[in-house]
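> below are the sequence and a predicted model; questions follow.
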Amino acid sequence: MTGSVRHHSALFLSDLHLGALGSRADLILSFLQHNHAKTYFLVGDVLDLWQPLLPHWTEEAQQVVDHLRDRQRAGAVIHYLRGNHDPDPTQAPAPKHLAVAAVDHVIHQAGDQRRYLVLHGDIADARAVRSHTMTRLGSRIDHVLRRVDRGLSVLRRGSSAEARSTIEALLAGVNSLLYRGRRHERRLVEMARAHGVHGVICGHFHIAGLHDDHGLTYANCGDWLDSMTALSEQPDGSLRLLCWRPEAAALRSGLAAQDLEGAT
């Protein structure tokens, strides 16, 4: 598997949060290097640069942007869906700016002729939750908790870099609890139905999913703070949920084994 590149008709990634402390730009980069697509859908919250007092732009984050630029120059198409954390990505500094306009939604026709409404998904939240103030407050709380998590990381030095920490698991659990009723899924499916399409593809909720429980297809890309997942459109037009955390661990293990072999 080491060094192999898989090719997809389309890849859908959401909630990269590049620039936020919790973003795993290293895993995003690894995923993109091993998975190429003809079309990329960045389904919102890609650049999280609004916190001038809490900058966390890493070399890996820049490499993610540079990789997407390279893919675009090679002929790939990139769609950028606006998220609640990146309402105007065109205002990003030049080195971090992708040459693509951000839009609120697109209709994507897959290879099997099925059509999907693609949007970030924050529109399904209650008005108070999706306010500018709540978005900023949530980001600051997340930043503080992840700063604490980094401080505790010295206590788990033997853990894999891909392993989920206790605080990461706590944040994921709280998030799942907030959306346990799945009302957001029903709202988005109803929006897809109103558009006369076969389903909806979204992000925002940091809960990966792919099912037809509400009569149409509901597909959530997940995120790159916790789930480390993306959606792939296969050559036959079908959708598949990809989880990169175990694959990244396997790749790292394979590279470690090669290093040991080279040292003997």
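Great, that's in hand.
> gap between R114 and I123?
22 Å (CB to CB, to the nearest Å). Backbone N, C-alpha and C define where each C-beta goes, glycine included.
> dihedrals phi and psi, L239?
Dihedral angles of L239 (phi, psi; degrees, to the nearest 10) stand at phi -100, psi 150.
> you'd agree it is up against E233?
Yes: assessed by CB atoms under 8 Å, L239 is found in contact with E233 at 6.0 Å.
> neighbour count winner among these two?
Between L239 and E233, counted using other CB atoms under 10 Å, the more crowded position is E233 (26 against 19).
> just checking, V118 touches Y40?
No: when contacts are counted by CB under 8 Å, V118 is not listed as touching Y40 (11.6 Å).
> list the contacts for C202?
C202 sits next to 14, 43, 118-121, 124, 188, 219-221 when contact means CB atoms under 8 Å, 6 or more residues apart in numbering.
> rerun at 10 Å
Going by CB atoms under 10 Å, 6 or more residues apart in numbering, C202 touches 12, 14, 43-44, 81, 105, 116-124, 184-185, 188, 191-192, 209, 218-221, 231.
> among the residues you listed, name the ones in strands.
12, 81, 105, 116-119, 209, 218-220, 231 (DSSP state E).
> poorly predicted segments of this structure, please.
By pLDDT under 70, the weakly predicted segments of the chain are 1-3, 50-55, 87, 126-179, 255-264.
> tell me where it has helices.
According to DSSP state H, the chain carries its helices in the segments 25-34, 59-73, 132-152, 166-178, 183-194, 244-263.
> re earlier: shared neighbours, L239 and E233?
10, 12, 110, 112, 114, 116, 201, 219.
> ChimeraX command for the buried members of those?
To isolate the buried subset of the shared contacts of L239 and E233 in ChimeraX, counting by 16 or more other CB atoms under 10 Å, use the following:
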select :10,12,110,114,116,201,219
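> may I see the shared contacts of L239 and E233 organised as a markdown table, with distance to Q72 added?
As requested, the shared contacts of L239 and E233 are exported to a markdown table (distance: CB to CB, whole Å):
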| residue | distance to Q72 |
| --- | --- |
| A10 | 14 |
| F12 | 16 |
| A110 | 21 |
| D112 | 26 |
| R114 | 26 |
| Y116 | 22 |
| I201 | 20 |
| A219 | 24 |
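> out of the shared contacts of L239 and E233, which one sits closest to A249?
Comparing the shared contacts of L239 and E233 against A249 with CB to CB picks out F12 as the nearest, at 22.7 Å.
> how near is the spatially closest residue to N35 that is not a sequence neighbour to G181?
Distances taken as CB to CB, 6 or more residues apart in numbering put R6 closest to N35, at 5.1 Å, once the chain neighbours are dropped. To G181, R6 is 35 Å away according to CB to CB.
> please say which of the two ends up with more neighbours.
Higher neighbour count among R6 and G181: R6, with 12 against 8, using other CB under 10 Å.
> check contacts around that one.
Counting by CB under 10 Å, 6+ apart, R6 touches 34-37, 232, 242.
> show me which pair in those is furthest apart.
Taking CB to CB, no two of the contacts of R6 sit farther apart than H36 and L242, at 12.9 Å.
> this completes my enquiry, with thanks.
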